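Visitor: Take this sequence and fold it.
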Amino acid sequence: MKTREEILMTIKDIMVEMFEMDEKSITLEARLYEDLDFDSIDAIDMIVRLKEITGKTIKPEDFKSARSIHDVVEAIYSIQ
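Guide: Numbers count the residues shown, from 1 in each chain. Just a heads-up that it's a prediction; the model follows:
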């Protein structure tokens with residue numbers, strides 16, 4: 001994953017596969033908790049999956065302030 005677009009597509013794939021979300025609802029503006037009904041356990045599961053995919057060390061605190069899909073994309077982009 002090099003570009004923000006590739007990161008977004010990977011996040012969409014994970015959320016559809018792991019959490020059975022509608023891909024159309026996963027937009028950069030979508031708020032994790034309010035719009036997507038994401039919870040802290042889901043966040044940890046996604047962090048583990050992203051770590052497997054990227055091979056990078058991803059700490060939960062890196063996502064502490066993430067409130068939207070855009071925030072998650074930026075967090076992943078910044079650790080590459």
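Visitor: Would you mind listing the buried residues in the lowest-mean-pLDDT helix or strand in the chain?
Guide: Least confident helix or strand, the chain: helix 40-54 with a mean of 90, by mean pLDDT, DSSP states H and E. Across helix 40-54, burial judged by 16 or more other Cβ atoms under 10 Å covers 42-43, 46-47, 49-50, 53. (Glycine included, C-beta is placed from N, CA and C.)
Visitor: ok, then the element right after that helix?
Guide: helix 69-79 (DSSP states H and E).
Visitor: which secondary structure elements does that next one contact?
Guide: helix 4-19, helix 40-54 (3 or more Cβ pairs under 8 Å, 6 or more residues apart in numbering; DSSP states H and E).
Visitor: Next, format the ones you listed as a markdown table and append distance to Ile26.
Guide: Converted to a markdown table, the helices and strands packed on helix 69-79 look like this (distance: least, Cβ to Cβ, whole Å):
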| stretch | distance to Ile26 |
| --- | --- |
| helix 4-19 | 5 |
| helix 40-54 | 12 |
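Visitor: Using PDB, write out every CA atom in stretch 27-39.
Guide: In PDB, the C-alpha atoms belonging to stretch 27-39 read as follows (Å, rounded to 0.1, in the frame of the first residue of the first chain):
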ATOM      1  CA  THR A  27     -16.200   6.700   2.600                       C
ATOM      2  CA  LEU A  28     -13.500   9.000   3.700                       C
ATOM      3  CA  GLU A  29     -16.100  11.100   5.500                       C
ATOM      4  CA  ALA A  30     -17.700   8.200   7.300                       C
ATOM      5  CA  ARG A  31     -17.400   8.400  11.100                       C
ATOM      6  CA  LEU A  32     -16.300   5.100  12.600                       C
ATOM      7  CA  TYR A  33     -18.500   5.000  15.600                       C
ATOM      8  CA  GLU A  34     -21.500   7.100  14.600                       C
ATOM      9  CA  ASP A  35     -21.900   6.100  10.900                       C
ATOM     10  CA  LEU A  36     -20.400   2.600  10.800                       C
ATOM     11  CA  ASP A  37     -21.300   1.400  14.300                       C
ATOM     12  CA  PHE A  38     -17.600   0.500  14.900                       C
ATOM     13  CA  ASP A  39     -16.600  -0.300  18.400                       C
END
